[in-house]
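**Student:** Below are the sequence and a predicted model; questions follow.
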Amino acid sequence: MKYAVVFEPTDEGSYGAYVPDLPGCVAAAKTLDEVRALIRKAIELHLTGMREDGTPIPPPATQTEYVDAA
């Protein structure tokens, strides 16, 4: 499964990431490369925890698109 991930720069110069379809699945790091690696691990751990708890895993549903602004 592929989940959409949102990457955002912070005011402090670091980065945050979250997965809209997996509430609570987040990561933060000093660089974009670091946060990419951390969010991948966070997704794995999040899904493992959901399986262990017997919580249904939501299918990826978020769609992304870039829109040109005038």
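**Tutor:** Yep, that arrived.
**Student:** Mind pulling up the pLDDT for Asn70?
**Tutor:** Small correction: residue 70 is Ala, not Asn. On the pLDDT scale, Ala70 is placed at 80.
**Student:** Please enumerate the helices of the chain.
**Tutor:** With DSSP state H, the ranges of helices along the chain come out as 32-53.
**Student:** what stretches of it score poorly on pLDDT?
**Tutor:** Along the chain, no part satisfies pLDDT under 70.
**Student:** Next, the contact list for the closest residue to Thr64 other than its chain neighbours, please.
**Tutor:** Nearest non-adjacent residue to Thr64, counting by CB to CB, 6 or more residues apart in numbering: Ala4, 5.3 Å away. Placement of C-beta: from N, CA and C, glycine included. Neighbouring residues of Ala4 by CB atoms under 8 Å, 6 or more residues apart in numbering: 19-21, 60, 62-64.
**Student:** make it 7 Å
**Tutor:** Neighbouring residues of Ala4 by CB atoms under 7 Å, 6 or more residues apart in numbering: 20-21, 60, 62, 64.
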